[in-house]
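Colleague: any chance you could fold what I've pasted below:
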Amino acid sequence: MPATVIFGISNCDTVKKARTWLDKHNIDYQFHDFRRDGLTEKQIKQWLQKVELDLLLNKRSRTWRELSDSDKSNVTESKAIKLMLKQPSLIKRPVLVNGKEITVGFDPKRYQSLFS
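Modeller: You can find the predicted model right below:
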């Protein structure tokens, strides 16, 4: 298994950009589709050890806006994890796991520094 795994949703434009960048730079990676391949509570908790909840939980998404007011209020880490497991599109994409590094979102400069 490659040391680099990119998590996301296959039809997401940002995920497509990140995958294109990785392909163009001949980076060996595995793609993990949230919807098709699923996620575990353990995976999300591991990510949250490295990145802030506010970065991982995409409060600008349509999925977030469509949640009930009770779901959107008093969001604890535990509550957020349950919501992300139930609706993976609440996770900001892509999540790139490269060894012990975790990068959320796509920034070509950040990817360049990770793989140079």
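
Colleague: in a strand, Leu96, correct?
Modeller: Yes. Counting by DSSP: H, G, I helix; E, B strand; the rest coil, Leu96 is found in a strand.

Colleague: contact partners for it?
Modeller: 4-7, 18, 102-104, 111, 114 (C-beta atoms under 8 Å, 6 or more residues apart in numbering). Where C-beta positions appear, they are placed from N, C-alpha and C, glycine not excepted.

Colleague: at 10 Å instead, please
Modeller: 4-8, 15, 18, 22, 27, 29, 102-106, 110-111, 114 (C-beta atoms under 10 Å, 6 or more residues apart in numbering).

Colleague: if you look at these, which of them are in strands?
Modeller: 4-8, 102-104 (DSSP state E).

Colleague: can you list the residue ranges for helices in the protein?
Modeller: In the chain, the helices defined using DSSP state H lie at 13-24, 34-37, 41-50, 53-56, 62-65, 69-72, 77-86, 108-115.
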